[in-house]
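Chemist: below are the sequence and a predicted model; questions follow.
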Amino acid sequence: QLSVLLSLQLTSEDMIAAFSQAVDWAGCTVRAFAWHPHTNKFAVALLDDSIRVYNSNSATVPSLKHRLQRNVAAMAWKPLCASILAVACQSCVLVWHLDPTSLSTRPSSGCAQVLSCPGHSPVTSLAWAPSGERLLSASPVDTAMLVWDVSTETCVQLQWFGGGGVTYLAWSPDGSKVLAATPSAVFRVWEAQMWTCERWPTIRGRCQTGCWSPDGSRLLFTVLGESVIYSLSFSEYRGEMQGQVGGSKTASIVADLSETTFETLYGEERIGGEVHSMVWDPTGERLAVIIRGESPNSQPAVAVFRTRNSPVFELLPCGFVRGERGARPQLISFHPCFPQGALLTVCWSSGKISHIPFFFVGALEPHASPRRSPVPVLGSVREQPLFSEL
């Protein structure tokens, strides 16, 4: 059913802006951001449709341009691979094959594969399997998400009926499950072996964003128009039950981020509102969310939480991250392999990109540590968990 989109008569650009994880995709300098899974390298998609690749080990900054690289909505580096970058564009998926040893600042467009399928545009989300074997792509106007074999440029359609297209994808780090959000008040979680799925209806609106715990046992998600974070837990099935999704029947509310007044360095400020995007660091110990303000005068903010998934799930407020005065957060991402704790990247409306370290000793390591974060905290830290399963 495409009635949700057809009734709104959205253009391709309007659709990308509506479903992008960037707060102001249409007007912001930075439209998409992607860390490489194994190295200190990241890609930045800009308003002019170019993509720049920054590497801490090289002064060379390649700029990727292609005639089909228009209105980039998302990017994803191929895991277990040096330099293959998938790009979600208005009319297709581009897969760049970059030589990491090249000193060229302008790779040829011949370095990019074009993956396209009729009726599958604009592409708003991508997700690689953690093994790197398959690439998923999604479009709000296509009721099927596509599973690509990039080497042969062929795809398999994973089709369902009801709910419209697919707006957002998130593959669990353990490779077992995929979150697929839709433009309507329902989302699905696919099991990635037999490709069966379970559906969860939401009450008020569509699933806006979601992220997985490192072991794939828990999904945190938010709903458009709501200021709460929900949690779904998943069981691991073996033997005859293998191939089932195994999700809990109902979601728990684990955080309420409604607007609240805080005393800050700048005086009294109102912070809170609906969650636009959300990322969970690979250790499972820090969660960052971009909160949109509820009132016209309130600014979007990045809130950070300490989290624990085992033996029970806990969520603890940690503080807020600020940019320069007037700069609004647009995109957030955690470094996939930061050795000293967690490294949060924030792309700002000013065009600047900040990397904020959270130094801590992992909870699984045999060390006593308060796991404090050297990040400016605007509100007081409450040591009682917002949510605990105990």
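Modeler: Perfect, thanks for sending it.

Chemist: residue ranges in the stretch 1-150 of the chain under the pLDDT threshold?
Modeler: Along the stretch 1-150 of the chain, segments meeting pLDDT under 70 span 1-9.

Chemist: now do the helices in it.
Modeler: Under the criterion DSSP state H, counting those that start in this stretch, helices of the stretch 1-150 of the chain are mapped to 3-8, 12-19.

Chemist: ok, now which ones touch A144?
Modeler: Applying C-beta atoms under 8 Å, 6 or more residues apart in numbering, we find A144 in contact with H120, Q157, L158, Q159, W160, V166. Just so you know, the C-beta spots here come from the backbone N, C-alpha and C atoms, and that holds for glycine as well.

Chemist: now for the residues you listed: which two are most distant?
Modeler: H120 and W160 (14.9 Å; C-beta to C-beta).

Chemist: between the two, point out the one with more neighbours.
Modeler: H120 (23 against 16; other C-beta atoms under 10 Å).

Chemist: what are the boundaries of the strands in the stretch 51-200 of the chain?
Modeler: Under the criterion DSSP state E, counting those that start in this stretch, the stretch 51-200 of the chain contains strands at 51-55, 63-64, 74-77, 84-88, 93-97, 112-115, 125-128, 135-138, 144-149, 154-159, 168-171, 177-181, 186-191, 197-201.

Chemist: relative to S277, which of those is closest?
Modeler: strand 168-171 (9.7 Å).

Chemist: now that closest one, how far from the centre of its chain.
Modeler: Computed by C-alpha atoms, centre = their mean, to the nearest Å, the chain-centroid distance of strand 168-171 equals 8 Å.

Chemist: restricting to C-alpha, output it in CSV.
Modeler: Provided in CSV are the C-alpha atoms of strand 168-171 (Å, rounded to 0.1, in the frame of the first residue of the first chain):
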residue,chain,number,x,y,z
TYR,A,168,15.1,2.6,7.3
LEU,A,169,17.3,-0.5,7.8
ALA,A,170,19.5,-1.6,10.6
TRP,A,171,21.3,-5.0,10.5
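
Chemist: that one packs against which elements?
Modeler: Packing partners of strand 168-171 (3 or more C-beta pairs under 8 Å, 6 or more residues apart in numbering; DSSP states H and E): strand 125-128, strand 135-138, strand 177-181, strand 207-212.

Chemist: and of the contacts of A144, the nearest to R286?
Modeler: Of all the contacts of A144, R286 sits closest to V166, with 27.9 Å by C-beta to C-beta.

Chemist: quick one: contacts for that closest one?
Modeler: By C-beta under 8 Å, 6+ apart, the residues touching V166 are S125, A138, S139, P140, D142, T143, A144, M145, A180, A181, T182.

Chemist: need those in a markdown table (columns: distance to P100).
Modeler: As requested, these are exported to a markdown table (distance: C-beta to C-beta, whole Å):
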| residue | distance to P100 |
| --- | --- |
| S125 | 26 |
| A138 | 28 |
| S139 | 30 |
| P140 | 34 |
| D142 | 33 |
| T143 | 38 |
| A144 | 34 |
| M145 | 30 |
| A180 | 32 |
| A181 | 33 |
| T182 | 37 |
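
Chemist: ok, these vs L257, which is closest?
Modeler: A181 (19.1 Å).

Chemist: on that earlier part again, G27 is nearest to which of the strands of the stretch 51-200 of the chain?
Modeler: Between the strands of the stretch 51-200 of the chain, strand 74-77 lies closest to G27; by C-beta to C-beta that is 17.5 Å.

Chemist: mind listing the strands the closest one pairs with, and their directions?
Modeler: As defined by DSSP bridges, the strand partners of strand 74-77 come to strand 84-88 (antiparallel).

Chemist: extract the CA atoms of the partner strand and return them as PDB.
Modeler: What follows is strand 84-88, C-alpha atoms only, in PDB (Å, rounded to 0.1, in the frame of the first residue of the first chain):
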ATOM      1  CA  ILE A  84      34.200  -0.500  -0.900                       C
ATOM      2  CA  LEU A  85      31.600   2.200  -0.200                       C
ATOM      3  CA  ALA A  86      27.900   1.800  -0.900                       C
ATOM      4  CA  VAL A  87      25.900   5.000  -1.500                       C
ATOM      5  CA  ALA A  88      22.100   5.400  -1.500                       C
END
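
Chemist: what angle sits between that strand and strand 144-149?
Modeler: With axes from the mean of the first three to the mean of the last three C-alpha atoms, to 10 degrees applied, the angle from strand 84-88 to strand 144-149 works out at 160 degrees.
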